[in-house]
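Colleague: I'd like to go over a predicted model; first the sequence, then the structure.
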Amino acid sequence: MTLSIIIVNYNVRHFLEQAVSSALSALKGLSGEIIVVDNASVDDSVEMMQHLFPQVQLIQSKTNLGFSKANNIGIQAAKGKYILLLNPDTLVPENCFKTCIDFIEKNNDVGALGVKMLDGSGKMLPESKRGFPSPWVSFCKMLGLHYVFPHSKLFNYYYLGHLDSNQNQEIDILTGAFFLVRRSILDEIGLLDESFFMYGEDVDLSYRVQKSGNKIYYLADTQIIHYKGESTKKVSLNYVSTFYNAMIIFAKKHFSGSKKSGTIMFLKLAIMLKGLLALIKTWFRAFSFIIIDSLAILTGVYLAKRFWSIWYFQTEYYYPSPIIWFNAVLYTCVWIFAFFIQGVYETKFKTASLLLSTIFGLFINLVIYSLLPEHYRASRMILLLSFLWTLIYAILSRMVYNKIAWNRWVIGVDKKKQIVVIGSLSTAEKVSLILNASKIEHQISKIISPTQITSDPNYWKELVAVYKVDQIIFGSPNELQDTFGLSMNQVLSFINLIPAPVEFKMITESGQGIIGSPSKNNPGELYTFEAQYNLLQKIYLRQKRIFDLFFSISVFVFSWLIILIQHNKLKFLSNLYEVIIGKKTWVGYSKEIAEKYQLPIIKTGIIIPNIGMMDHHFEVLSEPIIRNYAWNYSVWMDLDICLKAINQLDQ
């Protein structure tokens, strides 16, 4: 047998399907096998493999063994002359394996090789070729000098920036996403070092291959898509700790003397510095917009006060400063809170959420204003002017941000995505069904037969310009090949021509999902037929919790009246207490019901969505009502149900 492909999977069912399907196509004409080692996935990866790919050897682990150990299990079961370690979030073209095997067989001194990797938008991933991470190389990378001098051998040796990415090159380090190695070399130097749970094992293996007298090559003659580039993890504190600790393991294993101690000391310093930087980046990403919004709203309140004082009272000193700043901070906190609960600070939010949260903030501020003592109030006119400022600022700031980030004059993400489908009419219908199931607002602007597209860059530019395209979605690889004669090699050539910021995506072979990635800085994106329940989203869970608290406060205030209409008064008080501490929710369903109907698991509800009827048989009969509640959840549903069942809060 020529080639054994080892794929370690952990909870990426749809990406795995695409990887295995493309690998099977690329194996045609070669004697080979695919071995999938599943690291105790909790999705339906195993069931999918058994159903769609019975010809593929599947090894199931009861626990997550880590990358190294799982690959070693696959290697031990392999029979091929060559071993390929392949990530499950990759897509390989038809000629990939043959090109690699031909090259390595013609060059006996080559022990291992990798290929050019593209991200989900067709841009080359720099980790396709890497240099040995010496202290100096690691230092330059840690400081980000490789960004400043991308083509410098001195400052960007980590990614070998001085080497032409379009030429076959001898390199130092391969990535574990695509690592082709001779089996005879593994028999000589040993398998992956299981001391590395994740990260570093590819550096260690590459180093040992070179020490055995064999060369490592980067092959530019073929390319693959790697949806989740390594840069998607760089701001994670866990990634920093895991990666640099893996490098410490490597240094302890291969270095000695002062080089060993110096490298370890540097790596420990790097963990602290990079960890601090990762923490700062994480906090900045989380709170930068909140801080900017707060400063902007505070400024708006001050300007509103100044304008109203001068225009109406003919003096800018009419309002005492302490009162103005008290009101300014109060108004700002309320509007920031309103933005937060409406999901304005989520990655994706709707324009309606921004508008509603601004109006909701005004309403809450007016209520608070009316409750404040007279000497703590400023002026309702200042509040109204501040509202106008906040509304205009919120809209313009988001538009400017989206223009800078995505080159689009939009506020939120509720603008319909303009889709071009490369495939058949049935492909377009499938795309629309999947996007509808994923609650993606879209419009299919054009369906293009693959036989009509060309490699002329002007074709793609005109296509994008005419139809204002947001995404180009290709049919599944087998459909494109079997129906239209369009190979994955051609698809990869085409996506290099798609102008930014248009995204490229592809339907999986089973037709159950659409996968892609906007860029190397984003994890892989997935649209599927699987239900996208509102109660799976953080914004709705946050709103549900806030509703529980506010409704509990209202119930507590009027408890002297509400308790009179409850049959079990002690149970009513117990329920009120359990909702306040977060143990229960006012409206919901049991864990048993969630598991039975495969719904999102939430806190046990005091009232079920059937307006308070708790009979078990009624729950069974009313599955559509409960499912609709989880699918279309909003706080207005909870409010409506609670008010209608106000005499059943003792359930």
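Modeller: Happy to help now that I have it. Residues are numbered from 1 along each chain as shown.
Colleague: all strands for the stretch 401-550 of the chain, in order.
Modeller: Secondary structure of the stretch 401-550 of the chain (DSSP state E, counting those that start in this stretch): strands at 417-422, 442-448, 471-474, 503-507, 513-516, 525-528.
Colleague: Give the other helices and strands that the fifth one contacts.
Modeller: In terms of contact count using 3 or more C-beta pairs under 8 Å, 6 or more residues apart in numbering; DSSP states H and E, strand 513-516 is assigned the packing partners helix 13-26, helix 425-437, strand 503-507, strand 525-528. Just so you know, the C-beta spots here come from the backbone N, C-alpha and C atoms, and that holds for glycine as well.
Colleague: Recalculate using a threshold of 6 Å.
Modeller: Judged by 3 or more C-beta pairs under 6 Å, 6 or more residues apart in numbering; DSSP states H and E, strand 513-516 is in contact with strand 503-507, strand 525-528.
Colleague: That one pairs with which strands?
Modeller: Here strand 513-516 is paired, per DSSP bridges, with strand 503-507 (antiparallel), strand 525-528 (antiparallel).
Colleague: tell me the domain boundaries of this protein?
Modeller: Split into domains by automatic domain parsing, the chain comes to 3-129+165-228, 288-392, 417-528, 534-648.
Colleague: Determine which of those approaches Lys403 most closely.
Modeller: When the domains of the chain are compared by C-beta to C-beta, domain 417-528 sits nearest Lys403, at 11.0 Å.
Colleague: now the helices and strands packed on strand 513-516 as TSV including mean neighbour count?
Modeller: Converted to TSV, the helices and strands packed on strand 513-516 look like this (neighbours: other C-beta atoms under 10 Å):
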stretch	mean neighbour count
strand 503-507	24
strand 525-528	19
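Colleague: can you count the residues close to the closest residue to Lys439 other than its chain neighbours?
Modeller: For Lys439, ignoring the flanking residues on the chain, the nearest one in space by C-beta to C-beta, 6 or more residues apart in numbering is Gln532 at 5.1 Å. Residues near Gln532, counting by other C-beta atoms under 10 Å, number 15.
Colleague: Where does pLDDT dip in the stretch 51-200 of the chain?
Modeller: Along the stretch 51-200 of the chain, segments meeting pLDDT under 70 span 197-198.
Colleague: Tell me where it has strands.
Modeller: Ranges of strands in the stretch 51-200 of the chain, per DSSP E, counting those that start in this stretch, are 57-61, 82-86, 90-91, 110-118, 169-171, 178-182.
Colleague: Would you convert those into a markdown table that also reports mean neighbour count?
Modeller: Formatted as a markdown table, the strands of the stretch 51-200 of the chain follow (neighbours: other C-beta under 10 Å):
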| stretch | mean neighbour count |
| --- | --- |
| strand 57-61 | 16 |
| strand 82-86 | 25 |
| strand 90-91 | 23 |
| strand 110-118 | 24 |
| strand 169-171 | 17 |
| strand 178-182 | 24 |
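Colleague: before we move on, the earlier item: using a markdown table, please lay out the strands of the stretch 401-550 of the chain together with distance to Ile625 and mean pLDDT.
Modeller: Listed next are those as a markdown table, based on distance: least, C-beta to C-beta, whole Å; pLDDT from 0 to 100:
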| stretch | distance to Ile625 | mean pLDDT |
| --- | --- | --- |
| strand 417-422 | 31 | 92 |
| strand 442-448 | 29 | 92 |
| strand 471-474 | 35 | 92 |
| strand 503-507 | 33 | 89 |
| strand 513-516 | 28 | 88 |
| strand 525-528 | 24 | 80 |
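Colleague: List the pairing partners of the strand ranked longest in the chain within its sheet, with orientation.
Modeller: Looking across the chain with DSSP state E, the single longest strand is strand 215-226. As defined by DSSP bridges, the strand partners of strand 215-226 come to strand 90-91 (antiparallel), strand 110-118 (parallel), strand 169-171 (antiparallel).
Colleague: Same list, those strands, but as a markdown table with distance to Asn71 please.
Modeller: Below are the strands paired with strand 215-226 laid out as a markdown table (distance: least, C-beta to C-beta, whole Å):
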| stretch | distance to Asn71 |
| --- | --- |
| strand 90-91 | 15 |
| strand 110-118 | 14 |
| strand 169-171 | 21 |
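Colleague: Any figure for the gap between the nearest residue to Lys62 once chain neighbours are set aside and Thr63?
Modeller: Once flanking residues are discounted, Lys62 sits nearest to Ala40: 5.9 Å by C-beta to C-beta, 6+ apart. Relative to Thr63, Ala40 is positioned 5 Å away (C-beta to C-beta, to the nearest Å).
Colleague: In terms of packing, which of these two has more residues around it?
Modeller: Neighbour totals were compared for Ala40 and Thr63, and Ala40 leads with 16 against 8 (other C-beta under 10 Å).
Colleague: Is that one in contact with Gln60, as I believe?
Modeller: No - in this structure, Ala40 is not within contact of Gln60 by C-beta atoms under 6 Å, at 7.9 Å.
Colleague: Lys228 belongs to a helix, doesn't it?
Modeller: No - judged by DSSP: H, G, I helix; E, B strand; the rest coil, Lys228 forms no part of a helix; its state is coil.
Colleague: Now do it, the pLDDT please.
Modeller: Looking at Lys228, its pLDDT is 73.
Colleague: Let me know how buried it is, in neighbour terms.
Modeller: 22.
Colleague: Ok, Asp119 next?
Modeller: Neighbours around Asp119, by other C-beta under 10 Å: 24.
Colleague: just Ser294 next, same as before
Modeller: The burial count for Ser294: 16, using other C-beta under 10 Å.
Colleague: residue contacts, it?
Modeller: If a contact means C-beta atoms under 6 Å, 6 or more residues apart in numbering, then Ser294 has 332, 336 as its contacts.
Colleague: one more time with 10 Å
Modeller: 287, 329, 332-333, 335-336 (C-beta atoms under 10 Å, 6 or more residues apart in numbering).
Colleague: Check the secondary structure at it for me.
Modeller: Reduced to three states by three-state DSSP, Ser294 is helix.
Colleague: For Thr63, see how far away it is.
Modeller: Ser294 is 46 Å from Thr63, by C-beta to C-beta.
Colleague: now swap in Trp335 and tell me
Modeller: Counting by C-beta to C-beta - Trp335 and Thr63 are separated by 48 Å.
Colleague: count of residues packed around the closest residue to Phe484 other than its chain neighbours?
Modeller: Spatial nearest neighbour of Phe484, excluding adjacent residues (C-beta to C-beta, 6+ apart): Pro450 at 3.9 Å. By other C-beta under 10 Å, the residues close to Pro450 number 21.
Colleague: Pro450 against Leu486, yeah?
Modeller: Yes - using C-beta atoms under 10 Å, Pro450 is in contact with Leu486, at 4.2 Å.
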